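Colleague: Below are the sequence and a predicted model; questions follow.
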Amino acid sequence: MIQEELLKQLEELAGRVNVTIRYESLKNEDPSTFGGLCRVKEQLVLFLHAKATVKRKIEMITEALKRYDVDEIYLRPALREHLKKDRSLDGDPV
């Protein structure tokens, strides 16, 4: 799967588990380091640097989605495999 398609599917999955993704552009901030999941008025929001690479955005969204059980959510096989592979690299139970 191409990275842009994977990113799109991860963004959609985040929405399905009620995580809002906000791309912000900050002057003087390194795009590779800015980002994180936080709670804003009872809503989980994942902030990502707008100028981060597609690869970095994928990494950050994948990391945020690890806390959710998506076994009962329909996912395209390639997306499910990506999430499963990433969890196994961390040693987390699948």
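Modeller: Received the coordinates, thanks.
Colleague: Can you pull out the low-pLDDT segments for the chain?
Modeller: In the predicted model, the chain carries pLDDT under 70 at residues 26, 28-32, 86-94.
Colleague: Tell me where it has helices.
Modeller: 3-16, 54-65, 77-90 (DSSP state H).
Colleague: Quick check: which of these is buried the most?
Modeller: Sort those by mean neighbour count, taking mean count of other Cβ atoms under 10 Å, and helix 54-65 sits at the top with a mean of 18. Yep, even glycine has a C-beta here, placed from its N, CA and C like the rest.
Colleague: Show me what that helix is packed up against.
Modeller: On a contact count with 3 or more Cβ pairs under 8 Å, 6 or more residues apart in numbering; DSSP states H and E, helix 54-65 meets helix 3-16, strand 19-24, strand 35-40, strand 43-49, helix 77-90.
Colleague: just checking, what packs against the second one?
Modeller: Read it as strand 19-24. Strand 19-24 sits against helix 3-16, strand 43-49, helix 54-65, with contacts defined as 3+ Cβ pairs under 8 Å, 6+ apart.
Colleague: can you rerun that using 7 Å?
Modeller: Packed against strand 19-24 by the contact rule (3 or more Cβ pairs under 7 Å, 6 or more residues apart in numbering; DSSP states H and E) you find strand 43-49.
Colleague: quick one: strands adjacent to the strand it packs on?
Modeller: If you go by DSSP bridges, strand 43-49 pairs up with strand 19-24 (parallel), strand 35-40 (antiparallel).
Colleague: List the contacts of that strand.
Modeller: Applying Cβ atoms under 7 Å, 6 or more residues apart in numbering, the contact partners of strand 43-49 are 14, 18-24, 26, 29, 31, 34-38, 57, 60-61, 64.
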